[in-house]
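A.B. asks: pasting the sequence and the predicted model now:
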Protein chains: 4
Amino acid sequence: MIYYSRSGNTRQMAQLITEAMNQAGLKTDCKSVSEVKADEVLDYDAIVIGSPTYYGQMAASLKKLIDDMVKWHGKLDGKVGAAFSSSANIAGGNETTILGIIEAMLINGMIVQGDPQGDHYGPVSINEPDARVIEQCRRRGQRIAKLTLKLFP
Amino acid sequence: MIYYSRSGNTRQMAQLITEAMNQAGLKTDCKSVSEVKADEVLDYDAIVIGSPTYYGQMAASLKKLIDDMVKWHGKLDGKVGAAFSSSANIAGGNETTILGIIEAMLINGMIVQGDPQGDHYGPVSINEPDARVIEQCRRRGQRIAKLTLKLFP
Amino acid sequence: MIYYSRSGNTRQMAQLITEAMNQAGLKTDCKSVSEVKADEVLDYDAIVIGSPTYYGQMAASLKKLIDDMVKWHGKLDGKVGAAFSSSANIAGGNETTILGIIEAMLINGMIVQGDPQGDHYGPVSINEPDARVIEQCRRRGQRIAKLTLKLFP
Amino acid sequence: MIYYSRSGNTRQMAQLITEAMNQAGLKTDCKSVSEVKADEVLDYDAIVIGSPTYYGQMAASLKKLIDDMVKWHGKLDGKVGAAFSSSANIAGGNETTILGIIEAMLINGMIVQGDPQGDHYGPVSINEPDARVIEQCRRRGQRIAKLTLKLFP
């Protein structure tokens, strides 16, 4: 679980998803992008990335981590990926932020699952997480854990 | 202004945007996709398309109209385009629905403008339009009219 | 495997991917969208959809099938999905066509994997499949089969 | 004209588009992102951004410039925007790279036009620019200049 957060909203979502993943039986760490070294990403079976919605795409510091990982291109093939975002507005670029992260994951050969309920591509909070968002984060964490444990028993 | 609406939410948005465009001095018609003949689309300087969010893309009946217009490919070059959507959920595929329409417009050579405030790519209603959506539709209608009158004085 | 094809290029890709899936041990049928009944889609563990690039999105007839499947919304949750496209031009809307299909799959809760080599989101043919495309289709078919057999042993 | 280039392919495209814009009567500067100060962007009527395709989105250094410009949010409203990309592969993420830039432009309220011929969203070079790409860059430069001169006579 890697996130960038300035206001704390994205961090709060990261913690909720991490908690749900741990509860579902998948040991999960939760780190700010500034704490992540590019090579330790390879140790995980699932990578979840959260970003505030900055001009419809992930924050530059997260994009830098992804660009830096090019030296291990191919090594994330088959790992599970997921994304989420916090945003100031409904329709403010949150879906494109999540899909930008998902696209980078697909280019790495990663495996991504949607959700037929609610925030289909990944959880979105409009400003601070409310009851709806908390539920979406819990649900998503469980789903990510379930898929990961199926693929990496 | 071309829309598809089953519940009436997209139609209501279409009417709000049309009204704002007319008030801003751009004579605008508002038609359901079932009333539109592909050749009459060529008569307009601006084309605004609204769709409910169906699996993250415009409704099939709108896509059919766009596919059918291939016989006039190139004739929409330089016209103004804009899009909007109504959706059941926040983060439910509304941005990708709007962007799918915008992508089809760009492929036709059309001119599209975003909005630095609120619903950046195009107005989105979560279920029935509320005060926020009404304001976004009015604002967007004015902006579309302003750009169109600048390009087609 | 569901495809729409007018010129035959998308059909040829569909056959190549189907063949590779069968060879990799996953029994796979290959059908034109006109032969597919919406309810039989539920019988499969993996669904692969191919479309020509029409205005940056899947052909209307494929979108209609997806829209029609709303009556079983939730029943594709956990199935494997993949997409491919044939296009007239490089940068002619083929990636957005594939991603539009992938977005619909994610909204259904489906599981999608990218490829770290070549056509990352899904195979793309510029006009008739050449040696590069044939290789991409074979490779993708193998990968889809491998993931499906892992999830549905 | 702002670009990031490591191999020189994106720079070559930038120079071709700049040349065509100047020839079409719009005085255009061509700068690497490392030479651009965020405040000077405000002086231009049109902003064209080129990036290599890095994991399906613009390079982190370009995203950083866009993120940094948030302090002038709203001041790009009504300016003309365009994007282009160089990529290692067909279907290698070049369209999503261009659309990611266009999305950021729309969020700034900018005006973007597609092209009904060739590389619809923006010019794409697969590796070094060939005759096709040179023609696409020239054509795009002329179109950007024409639209800008119409909006800012």
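C.D. replies: Looks like it arrived, so ask away.

A.B. asks: so the closest residue to residue A:12 other than its chain neighbours, which of the three states?
C.D. replies: Once flanking residues are discounted, residue A:12 sits nearest to residue A:129: 5.4 Å by Cβ to Cβ, 6 or more residues apart in numbering or on different chains. C-beta here means a position set from N, CA and C on the backbone, and glycine is covered the same way. Judged by DSSP: H, G, I helix; E, B strand; the rest coil, the three-state class of residue A:129 is coil.

A.B. asks: give me the pLDDT value at residue A:129.
C.D. replies: Turning to residue A:129, the model gives it a pLDDT of 95.

A.B. asks: my read: it touches residue A:13, true?
C.D. replies: Yes. Between residue A:129 and residue A:13 there is a contact under Cβ atoms under 8 Å: 5.9 Å.

A.B. asks: anything in stretch A:104-121 near chain B?
C.D. replies: Yes. Using Cβ under 8 Å from any Cβ of the partner chain, a contact is recorded between stretch A:104-121 and chain B, made by A:118-121.

A.B. asks: between residue A:129 and residue A:13, what contacts are shared?
C.D. replies: A:86, A:137 (Cβ atoms under 8 Å, 6 or more residues apart in numbering or on different chains).

A.B. asks: who has more neighbours, those two?
C.D. replies: residue A:13 (30 against 22; other Cβ atoms under 10 Å in any protein chain shown).

A.B. asks: you'd agree that one is in a helix?
C.D. replies: Yes. Counting by three-state DSSP, residue A:13 is found in a helix.

A.B. asks: quick check: it touching residue A:137?
C.D. replies: Yes. Taking contacts as Cβ under 8 Å, residue A:13 lies within contact range of residue A:137: 5.4 Å.

A.B. asks: joint contacts of those two?
C.D. replies: A:84, A:123, A:129.

A.B. asks: so what's the first one up against?
C.D. replies: Taking Cβ under 8 Å, 6+ apart as the contact definition, residue A:84 lies against A:10, A:13-14, A:17, A:48-50, A:98, A:119, A:122-124, A:137, A:140.

A.B. asks: run through chain A and note the low-pLDDT ranges.
C.D. replies: Counting by pLDDT under 70, chain A shows no low-confidence range.

A.B. asks: chain B contacts on that one?
C.D. replies: A:56, A:89-96, A:98-99, A:118-124, A:126, A:132.

A.B. asks: near chain D, which residues of chain A?
C.D. replies: A:54-61, A:63-64, A:66-67, A:70, A:92-93, A:96, A:100, A:103-104, A:106-108.

A.B. asks: show the buried residues in these.
C.D. replies: A:54-61, A:63-64, A:66-67, A:92-93, A:96, A:100, A:103-104, A:106-108 (16 or more other Cβ atoms under 10 Å in any protein chain shown).

A.B. asks: out of those residues, list just those in helices.
C.D. replies: Using DSSP state H, A:60-61, A:63-64, A:66-67, A:96, A:100, A:103-104, A:106-107 are the members of these that sit in helices.

A.B. asks: list just the nearest of those residues to chain C.
C.D. replies: residue A:106 (2.7 Å; Cβ to the nearest Cβ).

A.B. asks: mind saving the C-alpha coords of stretch A:146-153 as CSV?
C.D. replies: Output of stretch A:146-153 as CSV, limited to C-alpha atoms (Å, rounded to 0.1, in the frame of the first residue of the first chain):
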residue,chain,number,x,y,z
LYS,A,146,-9.4,-12.3,-1.6
LEU,A,147,-8.0,-12.1,-5.1
THR,A,148,-4.4,-11.9,-3.9
LEU,A,149,-4.8,-15.0,-1.6
LYS,A,150,-6.4,-16.9,-4.5
LEU,A,151,-3.5,-16.1,-6.9
PHE,A,152,-0.8,-16.4,-4.2
PRO,A,153,-2.1,-19.0,-1.8
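
A.B. asks: contacts for that stretch, please.
C.D. replies: Under Cβ under 8 Å, 6+ apart, the answer for stretch A:146-153 is A:24-26, A:45-46, A:78, A:80, A:111, A:113, C:111, C:150-151.

A.B. asks: and the residues you listed, which are buried?
C.D. replies: Buried among the contacts of stretch A:146-153 by 16+ other Cβ under 10 Å: A:24, A:26, A:46, A:78, A:80, A:111, A:113, C:111, C:151.

A.B. asks: mind putting those residues in TSV, secondary structure included?
C.D. replies: As requested, the buried ones among the contacts of stretch A:146-153 are arranged in TSV below (three-state DSSP):
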residue	secondary structure
A:24	coil
A:26	coil
A:46	strand
A:78	coil
A:80	strand
A:111	strand
A:113	strand
C:111	strand
C:151	helix
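
A.B. asks: pick out the most distant pair among those.
C.D. replies: Greatest spatial distance among the buried ones among the contacts of stretch A:146-153 (Cβ to Cβ): A:24 and A:78, at 20.2 Å.

A.B. asks: and residue A:6, how far from chain B?
C.D. replies: For residue A:6, the distance to chain B equals 20 Å [Cβ to the nearest Cβ, to the nearest Å].

A.B. asks: then residue A:30?
C.D. replies: Applying Cβ to the nearest Cβ to residue A:30 and chain B gives a distance of 21 Å.

A.B. asks: quick check: residues of chain A near chain C?
C.D. replies: For chain A, the contact set with chain C under Cβ under 8 Å from any Cβ comprises A:73-74, A:76-78, A:99, A:102-103, A:105-117, A:120-121, A:147, A:150-151.
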